[in-house]
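> Provided below are the primary sequence and the corresponding predicted coordinates.
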Amino acid sequence: MDLFAEQDLQQPARVERISDQAFALRGFALPKAKELLAALDSVLLQAPLRQMQTPGGYTMSARLSSCGALGWTTDRDGYHYSPLDPLSARPWPAMPGVFLALAAAAASSAGFSGFVPDSCLINAYAPGAKMSLHQDKNERCHTAPIVSISLGLPAIFQFGGFERSDPTQRIALFHGDIMVWGGVDRLRYHGVMPIKPGHHSLLGEQRINITLRQAG
Ligand code: SIN
Ligand code: FE2
């Protein structure tokens, strides 16, 4: 088992092109996984995961939190980026340096230089949780890419077109994979199919997704 872990660390990440400006960077986060998880623990102590309501009145199945200058939230009034965590009425935890560095490196590997995210959304999925097809379009400017890090249990990521009803590609995402999409693909619909039950050696029965964006 240890041999496998060593190999993972030494393997250069494999870049899969999903679309013109959308890439799956396989295993890109693996060398930093322990650091990422330690930073994540500290963020979630300050801003715990919580279930949120959609404007339509549904309760999201994933639990969410944020860090960075702006945090994404949803409630009955709509989707918002806010400098304050509504649970504590305090600023969101600072963006950990390892998030910033990894996001910039991943963006750069996908052809987007100078990526400096000011917002990090954390999605925690228990088995059965999902994310319906949506566009990331609450950001002020769409020139920066989306960088999305997968940890823990695998997921089937759906990557679609510019209309909700367009056909989707299904991409299996594993612990340590990073998806980057921007440019002409920035506003594509995407989502996550219900997570299958399972156990991950570091994260147990869950999948964590860390999405970095330039929102403000
Ligand atoms: C999202 O689009 O907010 C989440 C994507 C993911 O969990 O992979
Ligand atoms: Fe999204």
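Yep, that arrived. Ligands and ions are numbered 1, 2, ... in the order given.

> Residue of the protein closest to ligand 1, please.
N209 (3.2 Å; Cβ to the nearest ligand atom). The way it works is simple: take the backbone N, C-alpha and C, and place the C-beta from them, glycine included.

> The strand or helix carrying that residue: how far from the chain's middle?
Secondary structure assigned from DSSP states H and E places N209 in strand 207-213. From the chain centre to the centre of strand 207-213 is a distance of 2 Å (Cα atoms, centre = their mean, to the nearest Å).

> strand partners of it, parallel vs antiparallel please.
Here strand 207-213 is paired, per DSSP bridges, with strand 119-125 (antiparallel), strand 146-152 (antiparallel).

> most tightly surrounded among those strands?
Mean neighbour count (mean count of other Cβ atoms under 10 Å) peaks for strand 146-152 among those, with a mean of 26.

> How about that strand and ligand 1, touching?
Yes: Strand 146-152 reaches ligand 1 (Cβ under 6 Å from any ligand atom) through S148.

> and E35, that's in a helix?
Yes: the assignment for E35 by DSSP: H, G, I helix; E, B strand; the rest coil puts it in a helix.

> returning to that earlier point: for the residue of the chain closest to ligand 1, give me its contacts.
I122, N123, Y125, S148, I149, S150, L151, A155, V192 (Cβ atoms under 8 Å, 6 or more residues apart in numbering).

> any idea how far R76 is from it?
Going from N209 to R76 by Cβ to Cβ, to the nearest Å gives 24 Å.

> Also G111?
39 Å.

> Now the helix or strand that contains A172: buried residues?
Under the criterion of DSSP H and E, A172 resides in strand 169-173. Neighbour-count burial for strand 169-173 flags I171, L173 (criterion: 16 or more other Cβ atoms under 10 Å).
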